[in-house]
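Asker: sequence? don't have it. structure:
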């Protein structure tokens with residue numbers, strides 16, 4: 001897979017859209033809604049994401065596929 005370069009949401013959505021064979025706008029909206037409460041999402045069947053339960057498996061998956069020797073960690077201290 002090619003390097004994405006900048007990690008803006010729309011860039012990630014474009015690459016995911018190509019990989020998943022769907023419109024990048026759809027992926028972009030799903031990425032935006034990912035951390036929203038279920039009541040705030042547009043589709044009635046959307047669920048909330050339990051972030052705490054997913055962080056360790058996500059980190060494990062990323063590190064398993066990581067070929068570099070350095071990893072940058074970014075944390076968002078936004079409080080909702």
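Answerer: Now that the structure is in, tell me what you want to look at. What you are looking at is a predicted structure, and each value in this text was computed from that prediction instead of being measured.
Asker: Any idea which residue is closest to the centre of the protein?
Answerer: Geometric centre of the chain, nearest residue: residue 31, 5.8 Å, by CA atoms, centre = their mean.
Asker: What's the per-residue pLDDT of the residue of the chain most remote from its centre here?
Answerer: Checked against the mean C-alpha position of the chain, the extreme residue using CA atoms, centre = their mean is residue 69, at a distance of 22.5 Å. At residue 69 the predicted local distance difference test score is 86.
Asker: go on, residue 20?
Answerer: Per the predicted model, pLDDT is 90 at residue 20.
Asker: now residue 2
Answerer: Per-residue pLDDT puts residue 2 at 52.
Asker: for the strand or helix carrying residue 19, which positions count as buried?
Answerer: Element membership of residue 19 [criterion: DSSP states H and E] is helix 9-20. For helix 9-20, the neighbour count (16 or more other CB atoms under 10 Å) marks 12, 13, 14, 16, 17 as buried. Bear in mind the C-beta positions are built from the backbone N, C-alpha and C, glycine included.
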